[in-house]
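[1] coordinates only, sequence not included:
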């Protein structure tokens, strides 16, 4: 049971999963790769799939294995870009062999039963959805971080604008994204919802264990965003030439009335 995948594809998987957890169950083989996890506080969730077309070889088998993400990240650190990384499952030792460049590693796996079950991403019917350049969206969220530890998204149907704001004790900052920044936008109703900056961009002011759900995205990624009034925000994007699919979900911070 062996697969071969480009280093840049595997790196994107690791980087995105590290935004919510330290370890996860990888299901790898003839169907490609699938992994999903929710953070310990049940606030941030990631579901990720990579189709077989992103692999150099997928073999005939399929195996689930629990892996420590930081160790895996360290072990492929010497590979980059299109460098092939070979992953071979050793069922008798419940381990995985990793080969790339001139490196060979035998990495112990984690019993999948010892890892928290993969979450099911809920099927939500949102009133607001739009497509935005990931770099533009991340910049607007990071602007809010200048004054606050949370960000508010306010969608206005009449103006077809999204106002991204941070409200501090004394200061307020707003970034307005209009039709030029949101080329594909559907606003069925006005909606306002608030989310934690620590989960979105890492909360650099106060520090956080994980680095932020938006951090792994390259600036030129097309990001599809969906949210409703005080509902979880869902974000979707593709990588690996369209063979990789990611869904990210973040629970809202409910405002006191």
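    That came in fine, so what should we check first? Note that the coordinates shown come from a computational prediction; the quantities given were computed from them, not determined experimentally. Numbering: from 1, shown residues only.

[2] tell me where the model's unsure across this structure.
    203-209, 255-257 (pLDDT under 70).

[3] all helices of the chain, in order?
    With DSSP state H as the criterion, the chain has helices at 7-17, 69-75, 134-144, 197-201.

[4] give me the buried positions along the first one.
    With burial defined by 16 or more other CB atoms under 10 Å, the residues of helix 7-17 counted as buried are 7, 8, 9, 10, 11, 12, 13, 14, 16, 17. The way it works is simple: take the backbone N, C-alpha and C, and place the C-beta from them, glycine included.

[5] elements contacting that helix?
    strand 32-38, strand 44-50, helix 69-75, strand 84-90, strand 244-250 (3 or more CB pairs under 8 Å, 6 or more residues apart in numbering; DSSP states H and E).

[6] between the two ends of stretch 166-182, what distance do you get?
    Terminal residues of stretch 166-182 are spaced 20 Å apart (CA to CA, to the nearest Å).

[7] go on, stretch 126-139?
    End-to-end distance (CA to CA), stretch 126-139: 23 Å.

[8] how near is residue 196 to residue 37?
    18 Å (CB to CB, to the nearest Å).

[9] and residue 81, how many neighbours does it have?
    8 (other CB atoms under 10 Å).

[10] picking that back up, so which of the helices of the chain gets nearest residue 60?
    helix 7-17 (20.3 Å; CB to CB).

[11] tell me the angle of the closest one relative to strand 244-250?
    10 degrees (axes from the mean of the first three to the mean of the last three CA atoms, to 10 degrees).

[12] so how far is helix 7-17 from its chain's centroid?
    10 Å (CA atoms, centre = their mean, to the nearest Å).
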